[in-house]
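Asks: structure, please.
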Amino acid sequence: MAGFFYDVFVPETVDLKLKEPKPIFLRIIHFDYFNYIRNTFYSSTMQKRIDWVDQVKGFAIFLVVYGHNFPVTEKFIYTFHMPLFFIVSGFFFPSKPDFSTLRKRFKSIMIPYFFWAGFLFVFWFLLGRKFGVSAQNPASVWKNFIGIFYAQGDREFMEWGIPMWFLPAMFLCFLIYFFLKKYLIVRKRIIIAVLLLSAIGFLYSHFTDINLPWSVNVAMVALFFFTFGNLSFNYIQQIPKKWAIFAMVVFATVHFLLYNYNIKIDMYRSIYGNEFLFILNGLLGSLWVIFFFKSFPRFSIFSLIGKFTIVILALQLLAMAVIKLFLWKGLGQEDFQFSELEKFVYAFVQIALIYPAFLIINRYFPILNGSHKKI
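Replies: Residues are numbered from 1 along each chain as shown. Purely as a prediction, here's the structure:
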């Protein structure tokens, strides 16, 4: 979500114009780059995957799967897991965007979206709508078909796969930021434009509940996080480990103390509660996770998971359906009110069930996961 998809958005080449370092607070405000970052980091690793970023992505998509199992921590997770995806997705926006880059992003985001949306719709039409909640509250087939192209509308239009809303919204973030950066050029103008667009996105949710195609209004709000990710990544990279750990502890503590003062967030439905707390918690939660994995990049399982986030996003609910089918037919279980431990464990089981599909896709149809991933 998904937000946080590193390979989908990382450019093949990055051209950076670097300036002399400034004091840390001036750097954060002015968003300049450093010569020594290019010499010590970009020259050797920018063309490769950054392992801790993959781990952040993997952890974020795990939170998406786990959050959809309705755990007791759902409210806490929803304060930051989607902002985290948008921040990470902004990390590698090219410094000099051109229309070839835009075409590549469309290919790596929207082609997978339309394939998986079509696949999920067909599965829902032939089988899924005949069981469970779908059978008890039938949804319009025609509206759900339209939902493939509209990519919004909750169960009425996307019962076949609500989580897929994230991909068109992410592409819109990239598209809007592309034009802002290409034509406004001056960084201060870009920042002002982003703030204005985000404010409009918030205001829209106050005046109407009409769903816009491709979650346009949500993308306008998410643009704030996308921009933050793009402008902050180089400074995150150069923070020493001890200060990253300190920041992680502080941000995590404040986040934990503040998150319950807002309502449950749902970006897909434009439910933000207090907008200031939404932004603050989204940043705090995302940053402590980022600093954790940057400081302790030892979780190889999340690095692996972070390489097939699009496939997980698409197939997570089908994987849970397989689990329930096994429990029902194989073990005779009819009550699916899972314990908190089961919800946590089944999130990993869902991802494990999807892994063989990822291996096949990565070898024969890599475009369906954005691009080929080196395992």
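Asks: now whatever helix or strand K188 lives in: mean pLDDT?
Replies: Taking DSSP states H and E as the definition, one finds K188 inside helix 187-207. Mean per-residue pLDDT for helix 187-207: 96.
Asks: pull out the buried positions in the very next helix or strand once past it.
Replies: Next in sequence after helix 187-207, counting helices and strands by DSSP H and E, comes helix 216-238. For helix 216-238, burial by neighbour count (16 or more other C-beta atoms under 10 Å) applies to 216-238. For every residue, glycine as well, the C-beta is placed using N, CA and C.
Asks: and the angle from helix 216-238 to helix 187-207?
Replies: Counting by axes from the mean of the first three to the mean of the last three C-alpha atoms, to 10 degrees, helix 216-238 lies at 140 degrees to helix 187-207.
Asks: ok, and for the helix or strand just after helix 216-238, which residues are buried?
Replies: Counting by DSSP H and E, the element after helix 216-238 in chain order, helix or strand, is helix 241-258. Residues of helix 241-258 classed as buried: A244, I245, A247, M248, F251, A252, H255 (neighbour count, 16+ other C-beta under 10 Å).
Asks: ok, and the closest non-adjacent residue to the third one?
Replies: Which is A247. Once flanking residues are discounted, A247 sits nearest to F291: 5.2 Å by C-beta to C-beta, 6 or more residues apart in numbering.
Asks: now that neighbour: how far from V345?
Replies: Separation of F291 from V345 (C-beta to C-beta, to the nearest Å) stands at 27 Å.
Asks: higher neighbour count, these two?
Replies: Using other C-beta atoms under 10 Å, the more surrounded residue of F291 and V345 is F291, with 25 against 14.
Asks: against V221, how distant is the closest residue in space to Y272 that isn't next to it in sequence?
Replies: Using C-beta to C-beta, 6+ apart and skipping residues adjacent in sequence, the residue nearest Y272 is F278, 4.3 Å away. According to C-beta to C-beta, F278 and V221 sit 9 Å apart.
Asks: between these two, what contacts are shared?
Replies: Y272 (C-beta atoms under 8 Å, 6 or more residues apart in numbering).
Asks: thinking again about what came up before, buried residues in the strand or helix carrying the residue nearest to Y272?
Replies: Using DSSP H and E, F278 maps to helix 275-295. Going by neighbour count (16+ other C-beta under 10 Å), the buried part of helix 275-295 is 275, 277-295.
Asks: mind exporting that helix as CSV, just the C-alpha atoms?
Replies: In CSV, the C-alpha atoms belonging to helix 275-295 read as follows (Å, rounded to 0.1, in the frame of the first residue of the first chain):
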residue,chain,number,x,y,z
GLU,A,275,-5.7,16.3,10.2
PHE,A,276,-2.8,17.6,12.3
LEU,A,277,-2.6,14.4,14.4
PHE,A,278,-3.0,12.4,11.2
ILE,A,279,0.1,14.1,9.6
LEU,A,280,2.1,14.0,12.9
ASN,A,281,1.4,10.4,13.6
GLY,A,282,2.0,9.4,10.0
LEU,A,283,5.4,11.1,10.1
LEU,A,284,6.4,9.8,13.6
GLY,A,285,5.3,6.3,12.9
SER,A,286,7.0,6.1,9.6
LEU,A,287,10.3,7.7,10.8
TRP,A,288,10.7,5.4,13.8
VAL,A,289,10.2,2.4,11.5
ILE,A,290,12.7,3.8,8.9
PHE,A,291,15.3,4.6,11.6
PHE,A,292,14.9,1.1,13.1
PHE,A,293,15.6,-0.7,9.9
LYS,A,294,18.3,1.7,8.9
SER,A,295,20.0,1.1,12.3
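Asks: ok, then the element right after it?
Replies: Helices and strands here follow DSSP H and E; after helix 275-295, the next one along the chain is helix 300-305.
Asks: buried residues in that following helix?
Replies: F302, S303, L304, I305.
Asks: looking at these, which is nearest W52?
Replies: Using C-beta to C-beta, S303 is the member of the buried residues of helix 300-305 that sits closest to W52, with 8.2 Å.
Asks: the closest one contacts V56, correct?
Replies: No: between S303 and V56 there is no contact under C-beta atoms under 8 Å: 9.5 Å.
Asks: list the residues that contact both of the two?
Replies: Between them, S303 and V56 share no contacting residue under C-beta under 8 Å, 6+ apart.
Asks: quick one on the thing from earlier: got a pLDDT number for the residue nearest to A247?
Replies: Reading off the model, F291 has pLDDT 98.
Asks: hang on, Q152 in a helix?
Replies: No: Q152 is assigned coil when assessed by DSSP: H, G, I helix; E, B strand; the rest coil, not a helix.
Asks: the closest residue to V221 other than its chain neighbours and I367, how far apart?
Replies: Leaving out its chain neighbours, the residue that sits closest to V221 by C-beta to C-beta, 6+ apart is G201, at 3.9 Å. Distance of G201 to I367, given as C-beta to C-beta: 30 Å.
Asks: of the two, who's got more company?
Replies: Neighbours per residue (other C-beta under 10 Å) separate G201 from I367, with G201 holding more: 23 against 14.
Asks: and the longest helix along the chain, what does it pack onto?
Replies: Secondary structure of the chain per DSSP state H: the longest helix is helix 99-126. Where contact means 3 or more C-beta pairs under 8 Å, 6 or more residues apart in numbering; DSSP states H and E, helix 99-126 is packed against helix 6-9, helix 141-150, helix 166-183, helix 309-325.
Asks: quick one: buried residues of that helix?
Replies: In helix 99-126, counting by 16+ other C-beta under 10 Å, buried: 101-102, 105, 108-110, 112-114, 116-117, 119-121, 124.
Asks: stretch 202-215 too?
Replies: Residues of stretch 202-215 classed as buried: F202, Y204, S205, N211, L212, W214, S215 (neighbour count, 16+ other C-beta under 10 Å).
Asks: out of these, flag the one nearest to P138.
Replies: Distance ranking of the buried residues of stretch 202-215 against P138, using C-beta to C-beta, places N211 first at 20.1 Å.
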